[in-house]
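Participant: need a structure here:
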Amino acid sequence: MKHSLDLLDVVELAEEREGYAAGTVGAVIELFPDEALVEIVDEKGTTTDLLHVPLEALRPQPSAPDKRIPDDDLSEARVAPKPHVKRHLEKRGVNHEDIPEEVLAVLNDLTEDELKALRRIGERAEAANLDTRLLVAIL
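Facilitator: You can find the predicted model right below:
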């Protein structure tokens with residue numbers, strides 16, 4: 001039987017496998033002649049397991065077209081600020097679109113408390129008239 005799976009296809013297990021119930025969703029990260037290596041992730045997107053699964057034990061899942069970015073729009077995609085980051089920037093009159101994506105991604109990695117601590121460092125450094133290079137070195 002010919003299977004039409006491709007790399008990164010979303011699949012579900014058709015049967016229980018290695019402690020994972022039938023219906024568990026994963027992604028094909030490697031294809032072999034008779035099986036696929038399937039990545040199982042948790043709700044945060046962290047890999048929890050890698051399973052070698054026979055192709056006949058996988059069911060392809062339809063893509064969610066409303067959540068996919070068309071290939072020709074990839075250059076247009078931007079990192080969106082998390083709500084607490086957006087609030088932080090808006091309070092300071094900063095448009096998140098003016099911030100380089102790499103910096104915005106790092107800000108998104110910070111918790112709200114970490115962002116507040118970073119703000120306090122910035123305020124104290126500004127009050128002390130700290131040189132910008134020294135401030136960057138501290139951070």
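
Participant: Residue 105 and residue 93, how far apart?
Facilitator: 21 Å (C-beta to C-beta, to the nearest Å). C-beta coordinates here come from the backbone N, C-alpha and C atoms, glycine included.

Participant: now swap in residue 11 and tell me
Facilitator: Residue 11 is 46 Å from residue 93, by C-beta to C-beta.

Participant: Residue 48 now?
Facilitator: Counting by C-beta to C-beta - residue 48 and residue 93 are separated by 42 Å.

Participant: just to revisit the earlier point, the more surrounded of residue 105 and residue 93?
Facilitator: residue 105 (12 against 6; other C-beta atoms under 10 Å).

Participant: I figured the more buried one was touching residue 80, is that so?
Facilitator: No. Using C-beta atoms under 8 Å, residue 105 makes no contact with residue 80, being 10.2 Å away.

Participant: Now do the contacts for residue 59.
Facilitator: Taking C-beta atoms under 8 Å, 6 or more residues apart in numbering, we find residue 59 in contact with 11, 12, 13, 14.

Participant: I'd say the third one and residue 36 touch.
Facilitator: Pointing back at residue 13 there. No. Using C-beta under 8 Å, residue 13 makes no contact with residue 36, being 11.0 Å away.

Participant: list residues touching both of those two?
Facilitator: Joint contacts of residue 13 and residue 36 (C-beta under 8 Å, 6+ apart) are 53, 58.

Participant: So those two - more neighbours on which side?
Facilitator: residue 36 (24 against 21).

Participant: tell me which element that one is part of?
Facilitator: Take DSSP states H and E as the rule and residue 36 turns out to sit in strand 35-41.
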